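Participant: Next one to model:
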Amino acid sequence: MSTHTTREVAPIANSAKEWRDAMVKMAEKKTPSFFHIRARLPLQGRTNQVLGASPYMNVVLKTYASGGENEIHAHTNEDHVFVVFQGGATFLGPRGEQRLVGKNDCVLVPAGALYSFHANEGEPLVMLRVGAAIDPTTDVLARVDEHGQPFDGYSEKNKEVEIVLDENAWFE
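Facilitator: Numbers count the residues shown, from 1 in each chain. Okay, the predicted model is just below:
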C-alpha cells in the first residue's frame, strides 16, 4: 500500500453544475477516497469544495466570509450535516427560530427542513458538509425556497456574491 500523502486543494465549485459534475466523477471510483481539509479563506463570498462523493454521500468543505449568508431554503433530496471547524453562525428557521453555533458544533438538516444561516462577524466560517442522498437517481442538490419553488443555490436570490479570496489566509 502506498504511503504517499497528498495535500492538494480541492477546486472550488462555482456553480451547481460544477458541484454535480465533481460528485458524479468522484462517485465512479469504487475504492476508498482520501482527502485533506484545506481551503483558502474568503474575504468576500463563499466557497464549496467537493472533497469526496459516492452515489449516496458527498463531503464538501464550505467557507463563508465574515458576515456571509444565504437565504431560507430546503433540500428536497438530501439529509445533511454541518460540522463547524472555525468561526460561528446563526441558523434561522422559517418562523424566526434562531440557534447560534460555533467551533465543534454540528447541525443535522433533514430533507425538506427550511433553514438559512449567516456567518458571525469577525472571522470566516469554515464547515464540513456531509450530505446523504434520499434518492441517488435524482438531483441530490435540488432545493426549494420557502414557497416550494426551485431555488438555485448559486443565485443572487441566495445572496451569492463574487468570491474574493484572501491570498494569505488558509484553513487547514
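Participant: and the residue nearest the centre of the chain, helix, strand or coil?
Facilitator: By C-alpha atoms, centre = their mean, the chain has its centre lying nearest to K62, at 4.3 Å. Counting by DSSP: H, G, I helix; E, B strand; the rest coil, the backbone at K62 sits in strand.
Participant: need the contact list for the residue nearest to E78 when sequence neighbours are not counted.
Facilitator: Among residues not flanking E78 along the chain, G131 sits closest, at 4.6 Å (C-beta to C-beta, 6 or more residues apart in numbering). The C-beta positions use only the backbone N, C-alpha and C, and glycine is treated the same way. Neighbouring residues of G131 by C-beta atoms under 8 Å, 6 or more residues apart in numbering: 57-60, 75, 78-80, 140.
Participant: Now tabulate these in JSON lines and tack on neighbour count.
Facilitator: Shown next, in JSON lines, are the contacts of G131 (neighbours: other C-beta atoms under 10 Å):
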{"residue": "M57", "neighbour count": "17"}
{"residue": "N58", "neighbour count": "25"}
{"residue": "V59", "neighbour count": "20"}
{"residue": "V60", "neighbour count": "23"}
{"residue": "H75", "neighbour count": "24"}
{"residue": "E78", "neighbour count": "24"}
{"residue": "D79", "neighbour count": "16"}
{"residue": "H80", "neighbour count": "20"}
{"residue": "V140", "neighbour count": "26"}
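Participant: Now for the residues you listed: which two are most distant?
Facilitator: V59 and H75 (15.3 Å; C-beta to C-beta).
Participant: mind listing the helices for this structure?
Facilitator: In the chain, helices defined by DSSP state H lie at 16-27, listed in chain order.
Participant: so where's it shaky on pLDDT?
Facilitator: Along the chain, segments meeting pLDDT under 70 span 1-6.
Participant: Tell me where it has strands.
Facilitator: 39-44, 46-53, 57-64, 74-75, 78-86, 89-92, 98-101, 106-109, 116-119, 125-133, 143-144, 164-171 (DSSP state E).
Participant: Which of those sits closest to N14?
Facilitator: strand 46-53 (8.6 Å).
Participant: Now G45: closest residue in space that isn't a chain neighbour?
Facilitator: Per C-beta to C-beta, 6+ apart, closest to G45 is I163, 3.7 Å.
Participant: now swap in V140 and tell me
Facilitator: A133 (4.6 Å).
Participant: mind checking how far that neighbour is from K157?
Facilitator: According to C-beta to C-beta, to the nearest Å, A133 stands 24 Å off from K157.
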